[in-house]
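Student: Using only what follows, build the 3D model:
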Amino acid sequence: MATARPLPETGQVFLDARGGDRALRVSWHTESGLVVLSLWHGNVCSGSFRLAVDEVPDLIDMLREGLDRAYDATLSRRHAG
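Tutor: Okay, here's the model as predicted:
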């Protein structure tokens, strides 16, 4: 069984809201022009996705738009209740 490799200096780990030792690792690989998103369960990588650096702004825009909508929906529910 493969063991976890150290996260590069420019990366971060996000824990899954469901718990169960699940995590998303995001790591920059500037030498190859990629950002790698990998899914982990414990210390085992169960899948990865390589995103070209020039596509990262589109991903950030999509996440930002989703965050804005979620924030607006939360405010609407608070004011309606």
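
Student: show me where this structure has strands.
Tutor: Remark: strands assigned in the chain by DSSP state E are 11-15, 22-29, 34-41, 44-52.

Student: Out of the ones you listed, which gets nearest to residue 77?
Tutor: strand 11-15 (25.0 Å; C-beta to C-beta). C-betas here are computed from N, CA, C, even on glycine.

Student: Determine the set of other helices and strands touching the closest one.
Tutor: strand 22-29 (3 or more C-beta pairs under 8 Å, 6 or more residues apart in numbering; DSSP states H and E).

Student: quick revisit: and residue 70, which of the strands of the chain is closest to it?
Tutor: Within these, the stretch nearest residue 70 is strand 11-15; the backing value is 16.2 Å (C-beta to C-beta).

Student: ok, residue 25 - how many residues close by?
Tutor: Number of residues near residue 25 (other C-beta atoms under 10 Å) recorded here: 19.

Student: For the residue nearest to it when sequence neighbours are not counted, give me its contacts.
Tutor: Among residues not flanking residue 25 along the chain, residue 38 sits closest, at 4.7 Å (C-beta to C-beta, 6 or more residues apart in numbering). With contacts defined as C-beta atoms under 8 Å, 6 or more residues apart in numbering, the neighbours of residue 38 are 24, 25, 27, 45, 47, 48, 49.

Student: which among those residues end up buried?
Tutor: 25, 27, 45 (16 or more other C-beta atoms under 10 Å).
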